[in-house]
Each structure stands twice: as C-alpha cells, then as structure tokens.
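**Q** Build the 3D model from these lines:
(2 chains)
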There are 2 protein chains.
Amino acid sequence: MTTTLHGRSLLAGSIAQPGGKKFRASNPATGEQLAPDFHEASAADVDAALAAAAAAFSEYRARPATDRAHLLETIAAAIEALGDPLLARANAETGLPLARLTGERARTCGQLRLFAAVVREGSWVDARIDPALPDRKPLPRPDLRRMLIPLGPVVVFGSSNFPLAFSVAGGDTTSALAAGCPVVVKAHRAHPGTSELVGGAIGRALSTCGLPAGVFSLIHGGGATVGIAMVQHPATTAVGFTGSHAAGRALFDAAASRPHPIPVFAEMSSLNPVFLLPAALRERGTAIAQGLLGSVTLGVGQFCTKPGLVFAIRSRETDAFVAALAEQVRAAPCGTMLTSGIRDNFVENRAKITGHSAVRIVAVSGAAPADIRTEAAPGVATTSAREFLAHPDLAIEAFGPFTLIVLAENADELAACARALDGQLTATLHLGAGDDAAARQLQPILERVAGRIVVNGFPTGVEVSHAMNHGGPYPATTDVRFTSVGTAALLRFARPICYQNTPDALLPDALKNANPLGLNRLIDGKLTREPVS
Amino acid sequence: MTTTLHGRSLLAGSIAQPGGKKFRASNPATGEQLAPDFHEASAADVDAALAAAAAAFSEYRARPATDRAHLLETIAAAIEALGDPLLARANAETGLPLARLTGERARTCGQLRLFAAVVREGSWVDARIDPALPDRKPLPRPDLRRMLIPLGPVVVFGSSNFPLAFSVAGGDTTSALAAGCPVVVKAHRAHPGTSELVGGAIGRALSTCGLPAGVFSLIHGGGATVGIAMVQHPATTAVGFTGSHAAGRALFDAAASRPHPIPVFAEMSSLNPVFLLPAALRERGTAIAQGLLGSVTLGVGQFCTKPGLVFAIRSRETDAFVAALAEQVRAAPCGTMLTSGIRDNFVENRAKITGHSAVRIVAVSGAAPADIRTEAAPGVATTSAREFLAHPDLAIEAFGPFTLIVLAENADELAACARALDGQLTATLHLGAGDDAAARQLQPILERVAGRIVVNGFPTGVEVSHAMNHGGPYPATTDVRFTSVGTAALLRFARPICYQNTPDALLPDALKNANPLGLNRLIDGKLTREPVS
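**A** Numbers count the residues shown, from 1 in each chain, chains lettered A, B, ... in the order given. The predicted structure is shown next:
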C-alpha cells in the first residue's frame, strides 16, 4: 500500500489531468505546508464526474441489494487496509490527535458495516402491497405495489471537523451508496490528502466488487464556484453538506433556483442549549460542570453538537455551579483548532458575544493560546435571561471551546428563553428528583426547537444507530424531515414508486408475490414477511 | 342543516368580517353567476388564521392519536350530514355531474376514515428504540428512541378539479390533520360555496370533538397575493398544493426564499405517457382505443393523470388502432369544463400542439362545443417520434380531452422518446404476449421518469390506499420523495425527533417501554410489537 499522493481529482476511477490552480494542505499544529500540491478541478472535471455518475446509476441501482452491502463492507476493509499512514496524514492535516482519529476510523467503518446490514436485510424500502380487489363495488381495485428506489447521483461536501466520519466515506456518502445512488464528493480543502487516500479506497472497492467506476468520484475544488457547479449540474439529484450556515444556505439557494429543484440536506449550525434544572444542580452541580466542560472542549469545541448555551435559574446552587465551572475552565488546556480560518471565526464570534455590554466573562483558560499551533483557549461567560431575550444577537454560534450561561430569575423566564430559541440539532435537560414538573413544561417547547432531546447527558457524541436523529428545524438544517446520522439517513436519497397491475416477472424482487428477499412488507395495511397469497 | 352561505372566511371557528373585494362563483354549464358574494380575506385575516393555527398546534399535537382519528371520522360524518345541498352547490359551481360528485364525496369520506384507521393503529410514526448498552467498549451507548412528530401549521391550496377530494377536506388536509398539524386552507375561487360548506363541517367536527377551533381555518382569497402571504407567514411549516406549474413554482420559490425555508408539496403537471407495445395492439387494439378515449375524456380531460402522450411503433396494427380511436373521437360528446379559464388554457395549449407543422390532427369530436356551456371537444393528433424528439415544445400539457400520438419507427426510437420525457406522475405500458423484452427495456427508463407505472390499464382513477404513489420527478411535483395520495401522504407533514436517556415517564406513549399503544417498533433494528425488555 503506497501512500504517495498525486494531488488530483478522481474521476470515475481515473486520475484527472492537472492544470487547475494549486493548493496545499497545512498542518494547523505546526503551520507547516504539506506536500504535495493539489490541483483544483476544472468545470470539465465536474461535468465528467457527474456524467459518469449518471451513466453508472442505471447499472448500480439495478444490482441486487446484496451487492451494495458488499460494496460498503469492502470500502470499510479498504479504509482499514490504508493502515497508519491514513491516520498520520489526517493527523497532519487536521491536528486531531491520533487516538481521536483511530476512534473516528472505527466509527466510519462501523457506519459502513451498519448500513450494509440494513441494506442486506432490505426492509428499509418500505414495501407496500395492496392486492387487487376485482369484485369491489362500485369499481374494482387494481393491484398496487410501492417501494423506495434511489434518487440518482448525489453530491456530498466533506466536512472539516470529521475528516473520516463526515467526509469522503462518511455518513452522507455511506447512506447515498446504501440507497443505490452514485456519489461525487467535493473534498474539503483542509484535508485533501486524507480525502485522496479514502477516495482511492472507495475506487478500489468498486473495482473489487465489479461495480462501475462512475459510482464514485472525488473533486478537489476552489470553493464556491466548483461547489455551486456541482449542485447545479443537471445530473445531480440531491446534495449532502455539513458546514457553515452561509455555505449551506448558498447551496440550498442554488439547488432551489435550478430549473428542476433538488433537495439539499445541509447540516449547518446549532447552539445545543442545555437546561439545568434546580434539583439537578442541587444534587450534582460540580459533576455537571465537569461534564459540561468536557462536552464544550471535546474536539476543541468543534462539534456541531457542542453546547453553546446553558440555562439555569439563579440560586446558591447555580452560583456554586458557575464557580466550579469557572475553576475548571481556568485549568483547562488550549487546543489546536482544525484551521486558522475556523480559529479566526471562533475568536470573532466569541468576541461578538463577550464584547456585548450584557455579557460578563467568567473565566478563560490560564494557558495562552499559541498562534503557531492554531490554538484556542476555553472560556465561559454569563448573561441574564432578560438580556438574552432582549438581544437575539447573543444567540450566535461560536464554533470552538466556549459557552454562554444564561441566568433566569424563575422557571417562567427559563421557559421564555426556550421559546425564543431558533432551530437546534439538540436540546439537553438535566433533571434531579423534583424537577419533573419543570421538565414537563420545557419538553414540549424543546420538541419544537430541536431534533434530539438529551436527558442528564451531553449532546456531543452522536451515536450511529437506528434511532439516532441528527437534524433539526432550520437553521440547524435545511430539511427537518431527515437525519444525517443513523440508518434513517438513507431515506434522504430515496423516493417512492408504485407499480400498478405489473406482472410478477416484471416486478422488483422486493415486491414479488413470493417475497424472495424475505422483507417486512405492509400488505393491505398489515406488516408481514409472508408472501402475497 | 341550513345551506345559507355567508361568503366569508372562517377563522378558527369565527366568521371573518366582510370588507375585502367581492366575487361570485359562476356555473360553467350555464354561465350564471351564483349568489352570494364572497369576500376576499385581508392580510389581517391570514395572520389571524395562522396565529390561531400556531396557538392550537401545541394542544392538538399533544392529544392522543385516537382523538385525531375521531376527528377525521367526525369530519366524514359531518360532510355526509351536509346531504344533497353540498352536491347541488358543487354541481352548480363546477359543472361536474352529480354522479361523479357523489362518488367523489364517498372517496373523500373514505379517505378521512382510512387515515383515521392509520392514525389509530399508530405504527406510521416509525418508532425506533436502541436500548442503552452501558457496558459497550470503548464507550457505552445511551438509550435512544426516535419517532415522527407533526411539523406544525400546514397551508393547503384547494384544487379546482376535485372540489371535494382535493379541496377543503381533501387529501392534503386529511393527511396534515392525521399527522397532527393544524390546517389553513386557501379555498379555490371556482368553488367557494362548496368550500364554505365543507369548512363549516370541519369546524363543527372540531367543536364536537372538543378540539381547539384554531386547528382549522378557511381563507377566501384574491389569488397570488393572499396565497404568497400564507406561504410566507412565519407560522407556516409546510404547504400542500395541486394546480398549475406556474402557480406551484411560484409557491415553491416563495417558500424557498423565506428566512426559514419550508417544504412545498406541489403537484403540478404531467403528460402521463402511454406506451403501446406491438403485441398489445395486435391482441386488442380496438379495446385499447376505447379505454384510452375513456381515460382521455374522463372528467373532460381535467385529471392530472390524463394521458396526454401515447407512443407506439408504426405498423398495420398501429394504423388500425389510430383509425379506431379517430372514429370513437368523432363520436364523442363535448363536455363542460370546470371554468372558462381552464377551457381557454386548454384551447390555447392544444393549439400550440396541433398548430405545430409536425403535427397532424387525426380527429375531433363531431359535436360543436357550446361556449355558453364552457364546453371543449375531444380531439386526437399524431406526430412522428423524430419530430417529437426534435421539438421539446410538443411535450406540453393541454389540460383537457386531448392526446397526442407519437409514432416511432422501431423499439429504439420508442425508448429514445421515453428517455426524453420530463418528470411525470405516471407512465403506462400496454403489453401483449411477446412484449416482455420491450417492457424490460422501457421499464427502467420509466422508473426514472415517473412516480407510478401502470400496466395494461390507464392512469386516471387514483386509488387511495397504502401502496399508492401520486407524485413524481419535477415538474410533476416539487418533491419526488413524497406522495399526495394514499396513506403515505401523511409522511409529508411529520419529522423525526430523538429522545436520549429520557425517563419512561417523560417519553411519548409511542416510545415507552411497555408499548402501551401496541405499535410495531424497530427495537435494536428488529421490528416487533413486544415491550422493551
């Protein structure tokens, strides 16, 4: 296994011609520029990738689901076969520790295998059969059979903060491939080498599985122009994105203004409010402070689920909690952020919050952040609920190790703060004995605000499972109806089709009388694995 | 039961103040203006309706699913209780025959009761439970539980061509109410009296069921201004629409450009291509001609599933089919269209097709359409596949009793025509013994074009059942991922939410350990009605 990088886009199994503008990755922990040069893709490269995806779609979707499952498992094995050089390159490009990257690789490969299992089992296609009723009055009912089929080529934008799990072979790619859609990935500029390595693994897996090379391409690009071109390409049928609100909204607008609009699943921004109820603070205020700081500083605060707002009612226990948190913040180390751009953005947005006349900085890390190591220092500030409600500009995302504590006078003010929140990925409640009534007041409000409600825990650490929902009302995402993490994520890339009076021989296996795939199917409204009698 | 009409909007159970511009319905079969005056809603009325919907949402969604089921059944009974005066008014406003309206009422009430059954059974919420794994390495898994919850207030635009089944208490309203969403309907200007009667029935049903009046409002409006205001109102969370492409796209664009974009389910236009394969024409060309004409002229061609394009390979049998169809068309009667606007549009679009140098009119009805009765005459024309492929402007929708037959030289040209098609609600194949190979070539193409594939039948007559899909790629609809007919339609108005480590007492019943609602739930990826052990 060589890890020599060629620095070019991968177009349906071929390495693109060089020629575009060149760029290099840099190591945020050292400032060092990393070889080799990467070449930005041309408009012709984008067109070639999407034309190949469109051409490969017919064959890819026609293959049995077991072939798709096998592909996902083969990709996982190919990523593992990249070995330590993958982790070393990712570490150099992102500054993320090797231990974290090892865990992220396990998550990425586990995700591929979990989706393989879902595809192999097959019932996700939501097969529904209403057999003919030839004698029904006044009119007979025809035989109707419905299932989900893949949308078509999907464009995926790799995210900066998960160079493996939400990048080239991450959740979006995995769920699109699982659904039966070819994928064209726009590599994130901050980790092009990691992207090339993983892209190569996907290409080899396709070849191993005897699947068309056009099922996957990887585009290195110069930002908005290339990205918008990918979204607006006529062959593109859906878009997955994780990143900033500005970029996500630009892609959404580009997709909505197409002659034929397409869905965009952009996961964009979230403050992940945490509500600390009185009994919880009485019972375990110090432990909550410790857990909260761990969540705020995990990955140097660069998780979309980082808690950026904490709400509590003023009390002696709340004062003690703030003091405990402040003490821990002062002792917390600085951390290297993913890029200097992210660091600068964090510093700027944090300054917008802490520079507000209504906000008081409670504590910052005693360590000085080293510029050459692209570091940021953990910090915490407070404001009052009244000020929070009066100043919506306090509810902005500072993507890094910072959180704002909002102190309410009473439970009603706490509820008013919850009602004032914009769409969020998560909302968290810490409850103690006796907090149930307050929880029952807050929970319905938070259900309208967030896509996941966490009790007595912290929102970072997004499980990849069947019941996960990673999504939420705008501006957390552009489509509250779908998750981008967990097995339900593949529903984003599928659509229903109905067959009326189609002979058994012409039906897809999922809908044949004999149920050869052994799926759970809704027959006349009743779920069963039985054949159609 | 009085049928005196007040002519005003219904705002959360109250009759709006008069004041807006006035308009009257007219009888397309006579040209007669129908009393009383209807009053256009003001911006304040729109705001009042949506504010009431937002306020009612919390209570409505919190009520047990059985209450929603009971509401739907009560609405059905209240519509039936309107008796013959409802049908008489609908007949006067639309020119649709009483027999058709009687059937449509049965369909409307059957639809309400079918959705009630789905809501009462409850498994549509797609409950998923991944129990905690406290001992998992390297990290424990939290308890995760996910289900679908309603989106919020939904704006529904009544359609002209189904004054009952796709209007005030039609498929969009029924599926939104079933999902737990309040509804504000924009009444169609062509049948405001029918709308008022049905809206009143919904209001009475809410009152009977002890549900908040804000769950339903009915707005009479002056077209685009009021409609756009409803779509852009901050409280609106989704939109259902059936109508023209221009209006549907305008609503989609208005929704996409909101500060917080919302989904629009617009069902807009479709040509519903029919492919007649050689053996089918050999076996039963005359019968197909008869069935086709019935489908083309059903409801005077004013169905979104009317076949507007027919494809066949030139042959003696095809000639005979065309001759048989022509003979039947010449003998077919004229019919009263829904409005003079629809009639004028039909005549204009038909002229665009038949006036094309590549098109030959084969037959028109021998009866002369009476202008005072807003009539249109059935007609059929032909062109060649080569011309069809060269002139995309031949593939436009003429919404009325007209179809264009496209004659191909061979099977490859037939397939090329299929590939050239834009998104459609339906595509139809007529097969005989020996057509299987050709069907296997066409079917994958049509799967990418259409939302429903009909074999040896006709696309008109859309069954309301579990397996129906009434939707398709753009421009057939704005969201190919959802159906607007059949029980899956309620998925349009729901979104997932996930509860992490939430105590059983705080969980919705659908997710409680004991499974008190007896739902099918996905526990650790396995479907079961068992409790969580």
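**Q** Write out the residues of the stretch 201-350 of chain A neighbouring chain B.
**A** A:252-253, A:256-257, A:260-261, A:263 (C-beta under 8 Å from any C-beta of the partner chain). Every C-beta, even on glycine, is put in place using the N, C-alpha and C of the backbone.
**Q** Of those residues, which qualify as buried by neighbour count?
**A** Taking 16 or more other C-beta atoms under 10 Å in any protein chain shown as the criterion, what is buried in these is A:252-253, A:256, A:261, A:263.
**Q** close enough to count as contact, A:P28 and A:M337?
**A** Yes - with contact defined as C-beta atoms under 8 Å, A:P28 and A:M337 form a contacting pair (6.4 Å).
**Q** Which positions are bridged to the residue lying closest to A:G227 once chain neighbours are set aside in the beta structure?
**A** Distances taken as C-beta to C-beta, 6 or more residues apart in numbering or on different chains place A:K186 nearest to A:G227, at 5.6 Å, with adjacent residues excluded. Counting by DSSP bridges, A:K186 is bridged to A:F157, A:I219.
**Q** ok, A:K186 - how many residues close by?
**A** By other C-beta atoms under 10 Å in any protein chain shown, the residues close to A:K186 number 28.
**Q** Same check on A:R24?
**A** There are 15 residues near A:R24, going by other C-beta under 10 Å.
**Q** dump the residue contacts of it.
**A** A:33-38 (C-beta atoms under 8 Å, 6 or more residues apart in numbering or on different chains).
**Q** tell me the contacts of A:P138?
**A** Neighbours of A:P138 in contact, by C-beta under 8 Å, 6+ apart: B:G103.
**Q** Can you tell me the SS state at it?
**A** With DSSP: H, G, I helix; E, B strand; the rest coil as the basis, A:P138 sits in coil.
**Q** Remind me which helix or strand A:I75 belongs to.
**A** If you go by DSSP states H and E, A:I75 is part of helix A:65-81.
**Q** remind me which residues of the stretch 101-250 of chain A are low pLDDT?
**A** Scanning the stretch 101-250 of chain A for pLDDT under 70 picks out the ranges A:223.
**Q** Can you give me the neighbour number for the residue nearest to A:P392 when sequence neighbours are not counted?
**A** Spatial nearest neighbour of A:P392, excluding adjacent residues (C-beta to C-beta, 6+ apart): A:A420 at 7.5 Å. Neighbour count of A:A420, defined by other C-beta under 10 Å: 14.
**Q** do the same with A:G461
**A** Residues near A:G461, counting by other C-beta under 10 Å: 16.
**Q** Spit out the contact partners of it.
**A** Per C-beta under 8 Å, 6+ apart, neighbours of A:G461: A:298, A:305, B:139.
**Q** Looking at those, state which has the most neighbours.
**A** In those, the most neighbours by other C-beta under 10 Å go to A:T305, 22 neighbours.
**Q** show me the contacts for it.
**A** By C-beta under 8 Å, 6+ apart, the contact set of A:T305 is A:270, A:272, A:425-426, A:459-462.
**Q** Now flag whichever of the residues you listed is closest to B:A88.
**A** Nearest to B:A88, judged by C-beta to C-beta, of the contacts of A:T305 is A:L425 at 53.5 Å.
**Q** Show me how to select, in PyMOL, the buried members of the contacts of A:R24.
**A** Per 16+ other C-beta under 10 Å, the buried members of the contacts of A:R24 correspond to this PyMOL selection:
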select buried, chain A and resi 34+36+37+38
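**Q** Report the buried residues of the lowest-mean-pLDDT helix or strand in chain A.
**A** Sorting the helices and strands of chain A by mean pLDDT, DSSP states H and E puts helix A:224-232 at the bottom, at a mean of 92. Buried residues in helix A:224-232, defined by neighbour count with 16+ other C-beta under 10 Å: A:226-227, A:229-232.
**Q** same thing with stretch A:310-318?
**A** A:310-313, A:317-318.
**Q** So what touches it?
**A** A:273-278, A:281-282, A:285, A:292, A:321, A:385, A:403-411, A:413-414, A:417-418.
**Q** Looking at the residues you listed, which are in strands?
**A** Applying DSSP state E to these, the entries found in strands are A:274-276, A:403-408.
**Q** what residue ranges in chain A score low on pLDDT?
**A** Chain A contains residues with pLDDT under 70 at A:1-3, A:223.
**Q** which residues in it form helices?
**A** Secondary structure of chain A (DSSP state H): helices at A:43-62, A:65-81, A:84-94, A:98-121, A:171-179, A:192-208, A:224-232, A:245-256, A:278-297, A:316-331, A:340-354, A:385-390, A:411-420, A:436-449.
**Q** Just name the most buried of the ones you listed.
**A** Across these, averaging neighbours per residue (mean count of other C-beta atoms under 10 Å in any protein chain shown) puts helix A:171-179 on top, at a mean of 29.
**Q** Alpha carbons only: can I get that one in PDB?
**A** C-alpha atoms of helix A:171-179 as PDB (Å, rounded to 0.1, in the frame of the first residue of the first chain):
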ATOM      1  CA  GLY A 171     -22.300   9.400   6.700                       C
ATOM      2  CA  ASP A 172     -23.600  11.200   3.600                       C
ATOM      3  CA  THR A 173     -21.600   9.000   1.200                       C
ATOM      4  CA  THR A 174     -22.400   5.800   3.000                       C
ATOM      5  CA  SER A 175     -26.100   6.500   3.100                       C
ATOM      6  CA  ALA A 176     -26.300   7.600  -0.500                       C
ATOM      7  CA  LEU A 177     -24.300   4.500  -1.700                       C
ATOM      8  CA  ALA A 178     -26.500   2.300   0.500                       C
ATOM      9  CA  ALA A 179     -29.700   3.800  -1.000                       C
END
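**Q** quick check: angle from it to helix A:65-81?
**A** Computed with axes from the mean of the first three to the mean of the last three C-alpha atoms, to 10 degrees, the direction of helix A:171-179 lies at 150 degrees from that of helix A:65-81.
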